[in-house]
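J.: Sequence and predicted structure, then a few things I'm wondering about:
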Amino acid sequence: MRNKYSVFSLIKNAFSYHENWQRAWKDPSPKKEYDIVIVGGGGHGLATAYYLAKKHNMNNIAVVEKGWIGGGNTGRNTTIIRSNYLWDASAGLYDHALKIWEGLSQELNYNVMFSQRGVMNLAHNLQDVRDLKRRTHANRLNGIDAVYLSTEEVKKFCPIINTSPDIRYPVLGGTLQRRAGTARHDAVAWGYARGADAMGVDIIQNCEVKGIRRNGDSVVGIETTKGFIKTKKVGVVAAGHSSVIANMAGLRLPLESKPLQALVSEPVKPIIDTVVMSNAVHAYVSQSDKGELVIGAGTDDYVSYTQKGSHQIVEGTLNAILELYPIFSRMRMLRQWGGIVDICPDASPILSKTSVKGLYFNCGWGTGGFKATPGSGDLFAHTIANDEPHKLNAAFNLNRFVSGDLVDEHGAAAVAH
Amino acid sequence: MFLINCPYCGERDQQEFKAGGEAHIERPKQPTELSDDEWAEYLFMRKNIKGIQFERWNHTHGCRKWFNMVRDTSNDEIKAIYKMGEKPPSL
């Protein structure tokens, strides 16, 4: 039985110097056979397993992860959550996730530190102004809170922004989604892992998938570094490595994997209480609860699996940050890292069945998957359990690259990657 | 970030170059005959290999010429560079 986290459990464990906390999840060896195996123990994969167990009463599920929980992109992103996407399909998908975020800490009995501090998107030229106004209208028609702000209102909402008209790319306005914000990324993975484990899901770490075994057009199991695991359904949630897994099954995906970098500064006192993003100059920044500035840089334009990224990408982002926030000019950057993101030609994800029976892919989230974690898990669980997509992810099928029915969200990706 | 030996200009910093994606994807000879599946394959599907990948690069801030590169995408090590139209090396 899983112990509930509460103020009482905190006090009780304080008496034993916090040395007797129950493990948040077990460390099982793989069984011979599962009903469903999820490949990839990041936020999306764990959420998928959690909702399969919770909403579809599946209890013979494994999540296999080649590293450790929260060691991939889940622990590498800039934790921004918002749903102000342009197209109806995306608005539905991302706002579904945002609604789950709003109750997630209570549901998981795990504080994911979800903070609706607002996300502001800046406009720096007349086309930006037109695009952002259009997006605000589209959002409101889809029931998503969005307001358009004048330059003065931007300055009022975030006073440290340089709104002087004589900077290289002056701030002409912006949009604000107040329900948007941030969450603690590690806690999301840990919370879902603990929740899934409590319902009987086996979370198997340090277990890399080496092959997908097929019998004709159906999946029969996966080869892993911990041996063969028999299963009829495999849900692949492998982010940057999705193409690698697809190749094992003889499938091709419309993805390119590229390094995306982020960096944090030394911790300072609270200075920015919201998230500000600028597509045109490619800069986005927020402040973590520890006080670090969290800054997202861009992707490199070449395929790479190195988790590094190029120096000039960081340099370009910091140039833009300093122009917009002169107050940061003497901040020192503490850490920089890269994650491998799988980018789709239309900058929208794939949550889909494939031509192989029992093989499902949840990938292509590119540079902005974190915000969708709960919704992605919920909808992917639905797709696997019913062998049919939910109406909210029906548009995000693999076949759209054949039919041409793309969901082009390059404009709403908030920053151009 | 790495150095690239442009076949026309010699060794230069990678930021002078632009990556042009997977190499040797041939434009369909008879576009009107192509099925939707074949179009999807040509336009969107990519190998996206972790390991040895053949790709195109352009020296955008130099001679502006295109060339081919063989690179290990797992460590960014460049294995070979050859001009457009040349036969890819066997590695």
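T.: Nice, I can see it.
J.: Run through the residues of chain B sitting next to chain A.
T.: Proximity of chain B to chain A, by CB under 8 Å from any CB of the partner chain, involves residues B:1, B:14-15, B:18-19, B:21, B:36-37, B:39-41, B:43-50, B:53, B:55, B:57, B:71, B:73-76. Every residue, glycine included, has its C-beta placed from N, CA and C.
J.: Drop anything exposed from the residues you listed.
T.: B:14-15, B:18-19, B:40-41, B:44-50, B:53, B:55, B:57, B:71, B:73, B:76 (16 or more other CB atoms under 10 Å in any protein chain shown).
J.: Just the pLDDT for A:Ala414.
T.: A:Ala414 is assigned 55 on the pLDDT scale.
J.: On the pLDDT front, check residue 18 for me.
T.: Picked chain A for this. Reading off the model, A:His18 has pLDDT 95.
J.: actually chain B
T.: Looking at B:Lys18, its pLDDT is 96.
J.: bridging residues for it?
T.: Counting by DSSP bridges, B:Lys18 is bridged to B:Asn58.
J.: any idea which helix or strand carries residue 54?
T.: With no chain named, the answer covers chain A. helix A:43-56 (DSSP states H and E).
J.: Switch to chain B, please.
T.: Assigned by DSSP H and E, B:Phe54 falls within strand B:52-58.
J.: ok, now A:Leu263?
T.: Using DSSP H and E, A:Leu263 falls in strand A:256-265.
J.: before we move on, back to that, and the strand holding B:Phe54, how far from the chain's centre?
T.: 3 Å (CA atoms, centre = their mean, to the nearest Å).
J.: ditto for stretch B:14-25
T.: For stretch B:14-25, the distance to the chain centre is 5 Å (CA atoms, centre = their mean).
J.: Can you tell me what sits against it?
T.: Contacts with stretch B:14-25, where a contact means CB atoms under 8 Å, 6 or more residues apart in numbering or on different chains, come from A:256, A:300-303, A:310, A:312, B:1-4, B:6, B:42, B:46-47, B:53-62, B:66, B:68-69, B:88.
J.: quick check, the strand holding A:Leu263 touching chain B?
T.: Yes. Strand A:256-265 is in contact with chain B by CB under 8 Å from any CB, via A:Glu256, A:Ser257.
J.: what ranges do the strands span in chain B?
T.: Taking DSSP state E, the strands of chain B run over residues B:3-6, B:10-13, B:18-22, B:52-58, B:66-72, B:77-83.
J.: Walk me through which strands whichever helix or strand comes after the helix holding A:Lys54 pairs with, and which way each runs.
T.: Toward the C-terminus, helix A:43-56 is succeeded by strand A:61-64 as the next helix or strand (DSSP H and E). Looking at strand A:61-64 with DSSP bridges, its partner strands are strand A:33-39 (parallel), strand A:202-204 (parallel).
J.: Take the ones you listed and lay them out in TSV including mean pLDDT.
T.: Listed next are the strands paired with strand A:61-64 as TSV, based on pLDDT from 0 to 100:
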stretch	mean pLDDT
strand A:33-39	98
strand A:202-204	98
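J.: And these: which comes nearest A:Gln261?
T.: Taking CB to CB, strand A:33-39 is the member of these nearest to A:Gln261, at 25.5 Å.
J.: Look up the residues forming beta bridges with A:Gly181.
T.: Assigned bridge partners for A:Gly181, using DSSP bridges, are A:Ile81.
J.: Could you check which helix or strand contains A:Ala347?
T.: A:Ala347 is part of no helix or strand when elements are defined by DSSP H and E.
J.: Check whether it really touches A:Trp365, as I assumed.
T.: No. Look at A:Ala347 against A:Trp365 with CB atoms under 8 Å: they stay out of range, at 9.7 Å.
J.: quick one: which of the two has more around it?
T.: Taking neighbours as other CB atoms under 10 Å in any protein chain shown, A:Ala347 and A:Trp365 compare with A:Trp365 leading, 28 against 22.
J.: List the contacts of the one helix or strand A:Thr136 maps to.
T.: Using DSSP H and E, A:Thr136 sits in helix A:126-141. Identification of contacts with helix A:126-141 by CB under 8 Å, 6+ apart yields A:84-87, A:91, A:121-123, A:145-148, A:172-175, A:177, A:279-280, A:411-412.
J.: which helices and strands sit right next to the following helix or strand past that helix?
T.: Sequence-wise, the next helix or strand downstream of helix A:126-141 (DSSP H and E) is strand A:147-149. Judged by 3 or more CB pairs under 8 Å, 6 or more residues apart in numbering or on different chains; DSSP states H and E, the packing partners of strand A:147-149 are helix A:126-141, strand A:173-177.
J.: Relative to the whole chain's centre, how far out is strand A:147-149?
T.: The answer for strand A:147-149 is 25 Å, by CA atoms, centre = their mean.
J.: likewise stretch B:48-57?
T.: 7 Å.
J.: Then stretch A:313-323?
T.: So, by CA atoms, centre = their mean, the centroid of stretch A:313-323 is 23 Å from its chain's centroid.
J.: returning to that earlier point: would you write a PyMOL line that selects the buried entries of the contacts of helix A:126-141?
T.: Buried residues within those, by 16+ other CB under 10 Å, are selected in PyMOL with:
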select buried, chain A and resi 84+85+86+87+91+121+122+123+145+146+148+172+173+174+175+177+279+280+411+412
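J.: Contact partners for the spatially most central residue of chain A?
T.: The geometric centre of chain A, computed from its C-alpha atoms, lies nearest to A:Phe370 (CA atoms, centre = their mean), at 1.4 Å. By CB under 8 Å, 6+ apart, A:Phe370 lies in contact with A:Gly43, A:Asn73, A:Thr74, A:Asn77, A:Thr78, A:Thr79, A:Ile80, A:Ile81, A:His185, A:Val188.
J.: Scan these and report the most crowded one.
T.: Busiest of the contacts of A:Phe370 [other CB under 10 Å] is A:Gly43, holding 33 neighbours.
J.: Look up the pLDDT of it for me, please.
T.: pLDDT at A:Gly43 comes out at 97.
J.: Quick check: it touching A:Thr373?
T.: Yes. Assessed by CB under 8 Å, A:Gly43 is found in contact with A:Thr373 at 4.1 Å.
J.: Common neighbours of these two, please.
T.: A:Thr74, A:Val188, A:Tyr192.
J.: thinking again about what came up before, who does the helix or strand immediately after the strand holding A:Leu263 in the chain pair with, and is each partner parallel or antiparallel?
T.: Later in the chain than strand A:256-265, the nearest helix or strand by DSSP H and E is strand A:275-278. Here strand A:275-278 is paired, per DSSP bridges, with strand A:119-123 (parallel), strand A:283-287 (antiparallel).
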